[in-house]
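Student: Provided below for reference: sequence and predicted model.
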Amino acid sequence: MPALRLEGLTKHYGQPPKTVRALDGLDLEIEQGEFVAAVGRSGSGKTTMLDCIGLLMRPTQGRVLLGGVNTGRLTDRQRAELRSHRIGFIFQEFNLLPTLSAMENVLLPLRYSGGDRTAGRRRAGALLEEMGLADRMHHRPTQLSGGEQQRVAIARSLIGEPTLVLGDEPMGEVDTETSAMLLSLMRRINLESSVTFLIVTHDLDLAARMDRIVRLRDGHLVGDERSAHAGATRRPTGAPAIQAPADGEADLVAV
Amino acid sequence: MEILRNLWRRKLRSTLTITGIVMGIFALTTMGAMAEHFDALLAGGITYYGSGIQVADENAPSGSIGGGYMALSAVAQIQAVPGVAAVFPSVMELAKPGAISIVNMGAPDYIANYTPGSNQYSGFKISLAHGTWITNASRGDVDLGSSFAAEFHMKVGDTIDLPVRPSDAKPDFVNHAFTVAGILHQTLTAPDSGAFVSTHDAQMLQGDGLPSALKGTVDPYQLVSGAVVYGKPGVNLDALANRITAQVPTVQATKPSTLVNAFKAGGDVFTVMTTATALLALIIGGLSVVNTMIMSVSERVREIGLKKAIGARTHNILTEFLAEASLMGLIGGAVGYLLGVVLTTMLNGSNSSQALFLITPGLTAIALGFAVAMGAVAGLLPAIRAARMDPVTALRAQ
């Protein structure tokens, strides 16, 4: 059973004749443990796709299946629960709460999912250590560098032990060196815990270091290929691999 | 903890908002304390005057202490009226003649006779905190009400001159030394400002204060100010009052319901004043909270989006913002209440004759509860707005 399956995913904004087709019948299947990049020009629909997969937005048509669960039939409450237990989010601008320490930011999702607080604190501590932030646990976001903040955000995305982590340009606000370091970190977690990563990025060098690259254009999937690093994870099934056209970096979507 | 930090993020704004609540609750506390004191006073009056019939000479001015005289012989005539269980003559004089009390919410200090046995008939009981009761045979002894004793720093065994000599005393002013035999428990109503002597001593003091035209022509020991009549069980006191007026010449019995209704009407005024203050507090504090919370929600749109993305449900967001608004109410309420307690305590201490304010557990609960509820109600609209926010829109907000 794939970790994620999109069937004819469609999202339209506005009313005819000014309808914007952000996603137009997108089909995609990602297996558990894949390390996938999604690339595409601005307006290609990659963020909308991420929002639909993250259950933050309901598609106009089509289905999002997470671990075989048809999320279209879920109530808002059930979708919130699924987000809480199955999905982790990493954002470009970190989105850490300024009033909370690094540790408290990491623990934030547990506030809404419930569970053992002591065990949660232990796990948060371990995650922050894993992120190299053992001595920064009680610092506020303003006391941390961009890279450190994003590492806190990654730890926060993992605290609920999700099966799928969605990143929306997570390296967009950090320098190249930090970006590479963060990717290595996510890669290690991906390999160690079999957590599926789907990262939207404009950085093709970064995308090239991932197992699979999917490319979006005008709401369609126009490319799906495995990179040279794909050996670490299983080959995705479902949609046939599509050769990425060599018509410019900005058009590339890596999955 | 996070809520406090959120409030602390915008120190000036939070401080101003909380100050608004402080002002409102401070006003509510002080006005409420005044109303509580007045209510206690009225409650005592209602109990006392509701359980007995006040009888005075038909020509005596009503509602005054001293100045009216009734023949003692009328007491026996009243006793003979069917339905009367007991009649106690009352003699009452001002304890501080000529003293002007600028702020006085209760009875002025007074001297009255205490007749053993009356306490068992009266609906309003008084009791001794220290010392012994006055008896009919007592001479030169006094039992003091709690406020009276506190005002003159009296304890059992001390001596006090009654009536108290005013600064502008007339040449013929006379007073007598009394030994404090007992001090009464606080009642929060009229007996607190009373000095109770035997009927004989009260008549003596009354005789000292007789108008010069009467002095030497009447026996002061045959005069009283009036009488308090208690009915037999099951007797309608209003009807009994009418019978006394009809059957005993020269006296006027006031129906208990008339006095009770007058007291209740006085209480209504304070209820209106307290309610008006509460409304004022609601408007001042409530609008501040609404404004602050709307600003807070507007500034934290992305935070709301994030929380929704990581699993927060509508009610989680609603609860968090409501808690923040309620906390502002609680902090403002607590500070306003404490300021109110400090001020009323100081004013009570500075008013030598009688306390003006009464802080009760009920008032405390109302002040704090009102503050928290006001914060919550005022924060409801912004909280709903935050809770209903679309996560995608919120996350992408600039």
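Tutor: Here it is on my side, so go on.
Student: and chain A, which residues reach chain B?
Tutor: A:51, A:54, A:56-57, A:76-77, A:80-81, A:83-85, A:89, A:91, A:95, A:97-100, A:104, A:108-109, A:111-113, A:156, A:160 (CB under 8 Å from any CB of the partner chain). Heads up, the C-betas are built off the backbone N, CA and C, glycines and all.
Student: if we go to 7 Å?
Tutor: Residues of chain A lying near chain B by CB under 7 Å from any CB of the partner chain: A:51, A:54, A:56-57, A:77, A:80-81, A:83-84, A:89, A:95, A:97, A:99-100, A:108-109, A:112-113.
Student: what subset of those residues is buried?
Tutor: Neighbour-count burial (16 or more other CB atoms under 10 Å in any protein chain shown) is assigned, among the residues of chain A next to chain B, to A:51, A:54, A:56-57, A:80-81, A:83-84, A:89, A:95, A:97, A:99-100, A:108-109, A:112-113.
Student: residues near A:Arg63, how many?
Tutor: Using other CB atoms under 10 Å in any protein chain shown, A:Arg63 has 15 neighbouring residues.
Student: I figured it hits A:Glu7, correct?
Tutor: Yes - between A:Arg63 and A:Glu7 there is a contact under CB atoms under 7 Å: 4.4 Å.
Student: and the strands in the chain, which stretches?
Tutor: Here I'm looking at chain A. Along chain A, the stretches classed as strands by DSSP state E are A:4-13, A:20-30, A:35-40, A:61-66, A:69-70, A:87-91, A:164-168, A:196-200, A:212-217, A:220-226.
Student: um, chain B though
Tutor: According to DSSP E, chain B carries its strands in the segments B:53-57, B:70-71, B:84-90, B:92-94, B:110-113, B:128-131, B:141-144, B:159-162, B:176-184, B:194-197, B:223-224, B:226-231, B:251-254.
Student: mean neighbour count, mean pLDDT and distance to B:Thr277 added to those, as TSV?
Tutor: Shown next, in TSV, are the strands of chain B (neighbours: other CB atoms under 10 Å in any protein chain shown; pLDDT from 0 to 100; distance: least, CB to CB, whole Å):
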stretch	mean neighbour count	mean pLDDT	distance to B:Thr277
strand B:53-57	23	90	34
strand B:70-71	20	89	43
strand B:84-90	20	93	38
strand B:92-94	21	89	33
strand B:110-113	23	92	31
strand B:128-131	16	94	34
strand B:141-144	28	96	34
strand B:159-162	16	94	39
strand B:176-184	19	95	32
strand B:194-197	26	95	31
strand B:223-224	24	90	43
strand B:226-231	23	93	37
strand B:251-254	22	90	34
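Student: Throw the strands of chain A into CSV and include distance to B:Arg302 and mean pLDDT, thanks.
Tutor: What follows is the strands of chain A, written out as CSV (distance: least, CB to CB, whole Å; pLDDT from 0 to 100):
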stretch, distance to B:Arg302, mean pLDDT
strand A:4-13, 21, 94
strand A:20-30, 21, 92
strand A:35-40, 22, 94
strand A:61-66, 24, 94
strand A:69-70, 28, 92
strand A:87-91, 9, 93
strand A:164-168, 13, 94
strand A:196-200, 18, 95
strand A:212-217, 25, 94
strand A:220-226, 30, 91
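Student: and among those, the most buried is which?
Tutor: strand A:35-40 (a mean of 29; mean count of other CB atoms under 10 Å in any protein chain shown).
Student: could you give the angle of it to strand A:164-168?
Tutor: Taking axes from the mean of the first three to the mean of the last three CA atoms, to 10 degrees, one finds that strand A:35-40 is oriented at 30 degrees with respect to strand A:164-168.
Student: tell me who's in contact with the closest residue to chain A within the stretch 251-398 of chain B.
Tutor: Closest residue of the stretch 251-398 of chain B to chain A, CB to the nearest CB: B:Gly311 (2.6 Å). Residues counted as contacts of B:Gly311 (CB atoms under 7 Å, 6 or more residues apart in numbering or on different chains) are A:80-81, A:83-84, A:109, A:112-113.
Student: can you put those residues in a markdown table and add pLDDT?
Tutor: A markdown table is the format used below for the contacts of B:Gly311 (pLDDT from 0 to 100):
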| residue | pLDDT |
| --- | --- |
| A:Ala80 | 90 |
| A:Glu81 | 89 |
| A:Arg83 | 90 |
| A:Ser84 | 88 |
| A:Pro109 | 92 |
| A:Tyr112 | 90 |
| A:Ser113 | 87 |
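Student: returning to that earlier point: hey, what's in contact with both of A:Arg63 and A:Glu7?
Tutor: With CB under 7 Å, 6+ apart, A:Arg63 and A:Glu7 have no common neighbours.
Student: what segments of the stretch 1-150 of chain A are helices?
Tutor: Taking DSSP state H, counting those that start in this stretch as the criterion, the stretch 1-150 of chain A carries its helices at A:46-53, A:76-86, A:102-113, A:117-130, A:146-158.
Student: make CSV from these and add distance to B:Arg396 to it.
Tutor: Listed next are the helices of the stretch 1-150 of chain A as CSV, based on distance: least, CB to CB, whole Å:
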stretch, distance to B:Arg396
helix A:46-53, 8
helix A:76-86, 17
helix A:102-113, 20
helix A:117-130, 27
helix A:146-158, 17
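Student: out of these, which is closest to A:Pro2?
Tutor: Distance to A:Pro2, taken as CB to CB, is lowest for helix A:46-53 among those, at 12.2 Å.
Student: who's in contact with that closest one?
Tutor: Helix A:46-53 is contacted from outside by A:4, A:9, A:11, A:22-23, A:26, A:38, A:40, A:57, A:59, A:64, A:166, A:168, A:198, A:200, A:216, A:253, B:392, using CB under 7 Å, 6+ apart.
Student: try it again at 8 Å.
Tutor: The contact list for helix A:46-53, computed with CB atoms under 8 Å, 6 or more residues apart in numbering or on different chains, reads A:4, A:6, A:9, A:11, A:22-23, A:26, A:38-40, A:57-59, A:64, A:66, A:164, A:166, A:168, A:198, A:200, A:216, A:219, A:253, B:392.
Student: report pLDDT for B:Asn136.
Tutor: If you check B:Asn136, the pLDDT there is 91.
Student: skip the chain neighbours and tell me the closest residue to it.
Tutor: In space, and not counting its chain neighbours, B:Asn136 is closest to B:Ser198: 5.9 Å by CB to CB, 6 or more residues apart in numbering or on different chains.
Student: check B:Ser73 too.
Tutor: B:Gln222 (7.2 Å).
Student: quick one: neighbours of the one you found, just the number.
Tutor: 11.
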